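Enquirer: Predicted coordinates and the sequence they were generated for:
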Amino acid sequence: MMPSELIEMFRQKFESLAGKVYVVTDSAQTIEKICEILEEVSGRQVALGILPGDIREPFLARCRQDGVGVIAPPYSGENLTGTIDEANCGITSADFAIAETGTLVETTTDDTVRLVSALPRVHIALLRAEDIVPTLESAASRLREAFQRHNGACAVTFISGPSRTGDIEMKLVLGVHGPEAAHAIIIDAGNRPDV
Amino acid sequence: MSDATTTHLSERIQQAVADPSRRSALYSAMKRGRDSRARALAAMPQLEHFQERIRQIKERCLEKQEELIERFSEMARNSGAQVFFAEDGAAAIDYILRLARERGVKTVAKSKSLTSEEIEVNHPLEAAGIQVIETDLGELIIQKVREKPYHLVFPAVHKTQAEVADIFTRSLGGAVPNDIRAIMAAVRKYLRPIFLNAQIGMTGANVGIAENGAIVIETNEGNARLVSSVPDLHVCIMGIEKIVETIDDALQMMLAHPVSAVGQMLTTYVTVMAGRCALGEGGRGPRESHIILLDNGRRRMRADALFKDALNCIRCGACMNVCPTYGVVGGHTFGYIYPGPIGIPWTAQVHGLDKAAEFAPLCISCGLCQEICPAEIDIPMMIAAVKDEDRKKHPATRVNRVMMAAERATTLGSTTAPIANWLLRNKTFRALLEKLAGIDRHRALPEFDRRPFEKQFKKRKRYRTLSQPARRVALFLDLYANYNRPDLAWTAVDCLEERYCEVVVPRQRWSGYPYIGYGDLERAREVAQFNIAQFAPYARDGYDIVAIEPTAAYCLKKPYPKLLERQGEAADVAACSFELFDYLMRLEAQGVLQQARRRLRWQDASSASISLVTSGHSTPASRPWNGCVASAPTLR
């Protein structure tokens, strides 16, 4: 399957699950998109997961400039869960994604990174286009690889849209515990005009 | 089921049906579950053969369960978790209490876990002065009013929004308006500090993976993510039957749960955890994960030829979405802790026969649960066994004895037809019948025919001789077409013969399905033995066995081979047994008939049918030909 088809499949599925998908071509656009979303949701306090260096550093600079508070790894100290809880937006990078189910997959050995996508009201995930696999079955080898790579404590999270419940009269409500909005920014470098 | 149990049960039924708002809430939940599941299965080609696949995985993993438990434990320990094997609920509770005391635990945050409910872990913890908070919204609602789950997947489906607002106003401190967003906000505000400060996070596991010792936890709300990450102490209670062999198996299970439960492809959040991750640097204390592998009767079940099947359950709740009686009374009447059809065998095995016998009579043996089950579990047969066990302890109720005597009653009715029919129309007699036999006087009872079809057929003058029949058919009649409406049986014969089938009617008894439905497996076995002995030679000679009653066809295909496990004959018969309409449809699809004239009016057949098995468009017996039936709407 062509990368563009995978992106489209992922987009359709993730958006049908109340998520939002954006496709950008480089780190500058990624940062721009993140800032747009922050603007939209009035995100004044941001928690970061492990982000690629070429995004993390310029983004930190941008936040300083815009007056957005950032907490970022390495997380340490006594009350770090409380600190992450105070952020109204969490930004993480997905290890890979599954197109047919509209699922972002995060892998970590540090539970604070899980909290970045679990506690704040808005979650933004960064995803490289080449990391989208077509089917759930094809995720098996990536999962196996992740557990072997870490060979010890490791947590893998499948995220298909924002937190939802239907427990009261089967009415669908988003954001009961975790994020009420889930944004996926796909970085499709192969689609850059100059490449 | 003793008469006292029956009285108690009817009181509970009266109470349950007295509340129409509950019933309509439950009905829409069930319908939503069924419809979304059907839509998902139809829309996703990758879900083809979904049930077979799940069944295969579960069977393979159960087969090597001991080996998988070993490997899972070893791998989990290698990645840093502690694994404790609990023989029963008491052992699991002791372990958790000891942990809690040692660590000075004050608060436990729980995400939804049916296994923890099975062993009722909350009570002893609370008795020890520990606060236990359910964080799944539905579970939190029923915890606040101290109720048991009404539905496996939607535990609080019987509570309206107004009731929930009321419950939270009383229990969370502060007015909660009757508005869904306001309720969510109140819950989020109440639970946040609990997530952040609980000392133990307790979860179940939807799957355990032997390959890497990881557990899989699925939640749509995301509460299990918080419960399994923030507290330094994580406790997971998992039934041993949840362990699968490989990551690939686990992915199939992750798909099966939400697809079958609500027609969703994956649960919104699925956490796959091996060992225990750190929480940043210099967190509060050592991080631990304790996995409690619970037996609580599961190994005994595995050793039981019949009840082993219950271990294939993936807890999706689909069976309760189709169960007609569960749909009327709900999980508080139709359930102990595990509700619904699969709740009957599970309750019998883990909570005791007496608890299961309290609601087992609610099963009307229609077989729909088996049909929808993603693991194709033969739930009806296990329920029959539960009823059978109970009947051995307490004599069957009078009305059940009457129903099981239908064969004798019907032959008698036929022999004495004019008198019997007069009596059935007589109001005084019906009142007497109600009083003595428990058969409601308003219930329509079929009239008897003096000349049973079997006899008529033997004396038949006009034979159609086919030098080269297209198919040869051995007809299975059952009571109704034989003694009440021989004309139906004749029409069946005509239909078959017009389609160039040679028809024979071997010696036979009734299907005996009421023995299964009311739980007398010994007599069911007797009947099965007789019928199989009669029909097996025909099966061997290449005859197709065609039953007029869907119930009878179902008996031939499913329960008989189960009842007569060691006899290959029953399997031979099952392999060539068909329900009449399916059979005709198949003949048509094969183009066997050229001059088909449908003389059997469907109206006739359906109103006449007293079949116990629901004749949906895919009864278990008819499954192979769904396509044909669907393409012939006129006959449906």
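Expert: Noted; the coordinates are in hand. Residues are numbered from 1 along each chain as shown, chains lettered A, B, ... in the order given.

Enquirer: Does B:G138 lie in a helix or a strand, and which?
Expert: For B:G138, the element it lies in under DSSP states H and E is helix B:137-144.

Enquirer: Domains in chain B, by residue range?
Expert: Per the record's domain assignment (automatic domain parsing), chain B is made up of the domains B:44-134+B:199-294, B:459-618.

Enquirer: Measure how far the last one is from the centre of its chain, please.
Expert: Which is domain B:459-618. The chain centre lies 26 Å from the centre of domain B:459-618; the measure is C-alpha atoms, centre = their mean, to the nearest Å.

Enquirer: repeat for the longest one
Expert: In this view, domain B:44-134+B:199-294 has its centroid 24 Å away from the chain centroid, taken as C-alpha atoms, centre = their mean.

Enquirer: How far does that domain stretch from one end to the other?
Expert: Distance across domain B:44-134+B:199-294, first residue to last, is 35 Å (C-alpha to C-alpha, to the nearest Å).

Enquirer: So for it, mean pLDDT?
Expert: Domain B:44-134+B:199-294 shows a mean pLDDT of 95 in the predicted model.

Enquirer: Which helix or strand in chain A has the lowest average pLDDT?
Expert: Counting by mean pLDDT, DSSP states H and E, the weakest-scoring helix or strand in chain A turns out to be helix A:80-86, with a mean of 88.

Enquirer: Could you check stretch B:326-339 against chain A for contacts?
Expert: No: using C-beta under 8 Å from any C-beta of the partner chain, no contact is recorded between stretch B:326-339 and chain A, whose separation bottoms out at 14.5 Å. Where you see a C-beta, it was placed from the backbone N, CA and C, and this is true even at glycine.

Enquirer: Let me see the mean pLDDT of that stretch.
Expert: In this model, stretch B:326-339 has an average pLDDT of 94.

Enquirer: contacts for it?
Expert: Under the criterion C-beta atoms under 8 Å, 6 or more residues apart in numbering or on different chains, residues B:9, B:12-13, B:15-17, B:22-23, B:26-27, B:30, B:114, B:117-118, B:120, B:147-152, B:158, B:320, B:323, B:325, B:340-341, B:343, B:346-347, B:350-351, B:355-356, B:358-359, B:362 lie in contact with stretch B:326-339.

Enquirer: Following the longest helix seen in chain B in sequence, what is the next regular element?
Expert: Residue-count comparison of every helix in chain B, with assignments taken from DSSP state H, identifies helix B:20-43 as the longest. Counting by DSSP H and E, the next helix or strand C-terminal to helix B:20-43 is helix B:50-63.

Enquirer: Quick check: what element follows that next one along the chain?
Expert: Stepping forward along the backbone from helix B:50-63, the first helix or strand reached (DSSP H and E) is helix B:65-78.

Enquirer: how far off helix B:50-63 does that following helix point, in degrees?
Expert: Helix B:65-78 and helix B:50-63 meet at an angle of 80 degrees, taking axes from the mean of the first three to the mean of the last three C-alpha atoms, to 10 degrees as the criterion.

Enquirer: and helix B:65-78, which residues are buried?
Expert: B:Q65, B:L68, B:I69, B:R71, B:F72, B:S73, B:M75, B:A76 (16 or more other C-beta atoms under 10 Å in any protein chain shown).

Enquirer: Next: stretch B:322-337.
Expert: Buried residues in stretch B:322-337, defined by neighbour count with 16+ other C-beta under 10 Å: B:322-323, B:325-337.

Enquirer: follow-up on the earlier one: off-centre distance for the longest helix of chain B?
Expert: Per C-alpha atoms, centre = their mean, the displacement of helix B:20-43 from the mean C-alpha position of its chain is 16 Å.

Enquirer: List the buried residues of that helix.
Expert: Residues of helix B:20-43 classed as buried: B:R22, B:R23, B:A25, B:L26, B:A29, B:M30, B:R32, B:G33, B:S36, B:R37, B:A40, B:L41 (neighbour count, 16+ other C-beta under 10 Å).

Enquirer: what's the answer for stretch B:118-134, then?
Expert: Of the residues in stretch B:118-134, B:E118, B:I119, B:V121, B:N122, B:P124, B:L125, B:I130, B:V132, B:I133, B:E134 count as buried by neighbour count, 16+ other C-beta under 10 Å.

Enquirer: nearest to chain A, of these?
Expert: Proximity of these to chain A (C-beta to the nearest C-beta) peaks at B:E134, which lies at 11.3 Å.

Enquirer: List the beta-bridge partners for the closest one.
Expert: Bridge pairing for B:E134 (DSSP bridges) gives the partners B:K110.

Enquirer: who touches it in this structure?
Expert: B:K110, B:K112, B:L140, B:I142, B:Q143.

Enquirer: The closest residue to A:L17 other than its chain neighbours: neighbouring residues, count only.
Expert: If you skip the residues right next to it in sequence, A:L17 has A:G161 as its closest partner in space, 3.3 Å away by C-beta to C-beta, 6 or more residues apart in numbering or on different chains. The number of residues packed near A:G161 is 26, by other C-beta atoms under 10 Å in any protein chain shown.

Enquirer: B:L368 touches B:N321, doesn't it?
Expert: No: between B:L368 and B:N321 there is no contact, the gap being 9.5 Å when judged by C-beta atoms under 8 Å.

Enquirer: So between these two, which is more surrounded?
Expert: With other C-beta under 10 Å as the criterion, B:L368 and B:N321 differ in neighbour count, and B:N321 comes out ahead with 30 against 22.

Enquirer: what's near enough to touch the more buried one?
Expert: The neighbours of B:N321, taking C-beta under 8 Å, 6+ apart as the test, are B:A29, B:M30, B:K31, B:G33, B:R34, B:R37, B:I372.

Enquirer: Please apply the same query to B:P286.
Expert: The neighbours of B:P286, taking C-beta under 8 Å, 6+ apart as the test, are B:D232.

Enquirer: again, but for B:N531
Expert: Contacts of B:N531 were listed using C-beta under 8 Å, 6+ apart, and they are B:F476, B:Q508, B:R509, B:S511, B:G512, B:L556, B:Y560.

Enquirer: Quick check: closest non-adjacent residue to residue 52.
Expert: Since no chain was named, I'll use chain A. Taking C-beta to C-beta, 6+ apart as the measure, A:P52 lies nearest to A:S93, with 6.5 Å between them; neighbours along the chain are not counted.

Enquirer: if you could check chain B rather than the one you did, that'd help
Expert: With C-beta to C-beta, 6+ apart as the measure, B:E376 is the residue that lies nearest to B:E52, at 7.6 Å, once sequence neighbours are left out.

Enquirer: Surely the one you found is in contact with B:Q370?
Expert: Yes: distance between B:E376 and B:Q370: 6.9 Å, which falls inside the contact criterion (C-beta under 8 Å).

Enquirer: Which one of the two is surrounded by more residues?
Expert: When B:E376 and B:Q370 are compared on other C-beta under 10 Å, the one with more neighbours turns out to be B:Q370, at 22 against 19.

Enquirer: correct me, but that one touches B:I379?
Expert: Yes: with contact defined as C-beta under 8 Å, B:Q370 and B:I379 form a contacting pair (5.3 Å).

Enquirer: before we move on, back to that, would you convert the contacts of B:N321 into TSV that also reports pLDDT?
Expert: Below are these laid out as TSV (pLDDT from 0 to 100):
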residue	pLDDT
B:A29	87
B:M30	91
B:K31	92
B:G33	90
B:R34	93
B:R37	93
B:I372	94
